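1. model this:
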Amino acid sequence: MNAPAKTDEFASAVPAGVFAEKVLSVTHYTDRLFRFTMTRPQGFRFRSGEFAMIGLMVDGKPLYRAYSIASPAWADELEFFSIKVPDGPLTSHLQNIKPGDEVLMRKKPTGTLVLDALTPGRRLYMFSTGTGVAPFASLIRDPETYEKFEEVILTHTTRDVAELKYGFDLVEEIRNDEILSEVVGDKLRHYATVTREEFPFKGRITDLIENGKLFSDLGVPSLDPAIDRGMICGSSAMLKDTKSLLEKAGLNEGANNKPAEFVIERAFVG
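-> Numbers count the residues shown, from 1 in each chain. Reported below is the predicted structural model:
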């Protein structure tokens with residue numbers, strides 16, 4: 001049973017020390033993916049690329065999952081990009097939210113997909129599959145990303161072409177934004193691939209790294225630890241395989257307390 005959404009009953013049920021924020025918009029991309037925005041609590045601070053624990057009251061109890069914040073740190077609203085899991089303890093309810101409903105959010109954001117966890121470099125790769133593009137939706141709209149890197153390459157791999165639309169919408173949004181488009185210029189490159197349908201670029205990103213097609217398609221050299229940095233977000237298998245390929249190329253994994261050449265986000269949604 002889903003939480004009471006717009007009632008006094010919901011307000012009285014909100015746990016202490018937790019934000020209850022109003023849903024502003026919901027966009028359903030496919031029967032598996034949706035995007036929503038909600039109000040940003042006054043005083044809530046986060047670094048682009050971090051995640052927050054968001055949730056609903058389910059059967060009278062708060063239920064939370066980790067969600068990357070897809071909006072940049074400067075934005076007035078908070079944006080999230082979610083998968084729909086039919087029997088998912090949270091997403092089976094969350095996918096039914098509408099504008100005006102309320103969503104819970106714990107007060108402390110965290111995460112490793114932040115610029116501070118990387119050592120200085122020239123080219124930044126953001127490797128994502130599925131909803132793993134969400135933290136990069138935040139970072140590609142943050143001017144600091146382009147202050148620190150000369151070239152930013154967002155790779156997004158999904159099963160079907162329709163699941164790529166969110167990524168294309170993001171790039172279009174940047175191009176149409178008067179301020180962002182000037183900051184980003186031609187520094188952002190978007191490399192979208194699918195695994196199950198015909199498309200100009202096809203295949204798992206790990207295969208495309210390994211066989212070199214990613215680099216030949218982009219017209220850039222293979223991974224070089226002296227100039228290249230990486231961020232990885234996706235399925236557990238994709239994280240493991242991409243990490244292995246980056247390490248094979250000489251890049252080392254970093255963390256907030258020990259910056260290095262690449263970072264991984266291991267938080268999942270269900």
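2. following the host helix or strand of residue 104, which helix or strand shows up next?
-> Using DSSP states H and E, residue 104 maps to strand 102-106. Using DSSP H and E, the helix or strand that directly follows strand 102-106 along the chain is strand 123-129.
3. Let's test this: mean pLDDT of that next one, rounded?
-> Computed over strand 123-129, the mean pLDDT rounds to 98.
4. list the buried ones in the next helix or strand after it?
-> Counting by DSSP H and E, the next helix or strand C-terminal to strand 123-129 is helix 134-139. Within helix 134-139, the residues that qualify as buried are 134, 135, 136, 137, 138, 139, counting by 16 or more other C-beta atoms under 10 Å. (Each C-beta comes from the backbone N, C-alpha and C, glycine too.)
5. Might you list the low-confidence residue ranges for the stretch 101-250 of the chain?
-> Nowhere does the stretch 101-250 of the chain drop to pLDDT under 70.
6. gap between the residue nearest to residue 17 when sequence neighbours are not counted and residue 36?
-> Spatially, and ignoring its direct neighbours in sequence, residue 17 is nearest to residue 107 (6.5 Å; C-beta to C-beta, 6 or more residues apart in numbering). Distance of residue 107 to residue 36, computed by C-beta to C-beta, to the nearest Å: 20 Å.
7. quick one: which of the two has more around it?
-> residue 36 (24 against 12; other C-beta atoms under 10 Å).
8. if I pick the spatially most central residue of the chain, what's in contact with it?
-> By C-alpha atoms, centre = their mean, the chain has its centre lying nearest to residue 134, at 1.6 Å. Taking C-beta atoms under 8 Å, 6 or more residues apart in numbering as the criterion, residue 134 is in contact with 67, 68, 69, 70, 80, 81, 233.
9. that older thread, just checking: what are the partner strands of the strand holding residue 104?
-> Sheet pairing of strand 102-106 (DSSP bridges) gives strand 18-28 (antiparallel), strand 51-58 (antiparallel).
10. Check these for me and report the most buried one.
-> strand 51-58 (a mean of 22; mean count of other C-beta atoms under 10 Å).
11. hey, where'd the helices end up in this structure?
-> 8-13, 91-94, 134-139, 143-148, 165-176, 178-184, 205-210, 213-218, 236-248 (DSSP state H).
12. Pick the most buried one from those helices.
-> helix 134-139 (a mean of 27).
13. so how far is that one off the chain centroid?
-> Helix 134-139 sits 4 Å away from the centroid of its parent chain (C-alpha atoms, centre = their mean, to the nearest Å).
14. could I have it exported to PDB, CA atoms only?
-> Coordinates of each C-alpha in helix 134-139 appear next as PDB, following Å, rounded to 0.1, in the frame of the first residue of the first chain:
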ATOM      1  CA  ALA A 134      21.500  10.300 -13.300                       C
ATOM      2  CA  PRO A 135      24.600  11.600 -11.400                       C
ATOM      3  CA  PHE A 136      26.100  12.700 -14.700                       C
ATOM      4  CA  ALA A 137      22.900  14.600 -15.500                       C
ATOM      5  CA  SER A 138      23.900  16.700 -12.500                       C
ATOM      6  CA  LEU A 139      27.600  17.000 -13.400                       C
END
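15. measure stretch 245-262 end to end?
-> With C-alpha to C-alpha, to the nearest Å applied, stretch 245-262 spans 11 Å between its terminal residues.
16. how far does that stretch sit from the chain's center?
-> Taking the mean of its C-alpha atoms, stretch 245-262 sits 19 Å from the chain's own mean (C-alpha atoms, centre = their mean).
17. Provide the contact partners of it at residue level.
-> Contacts of stretch 245-262 (C-beta under 8 Å, 6+ apart): 112, 114, 116-119, 121, 206, 209-210, 222-225, 228-232, 243, 263-264.
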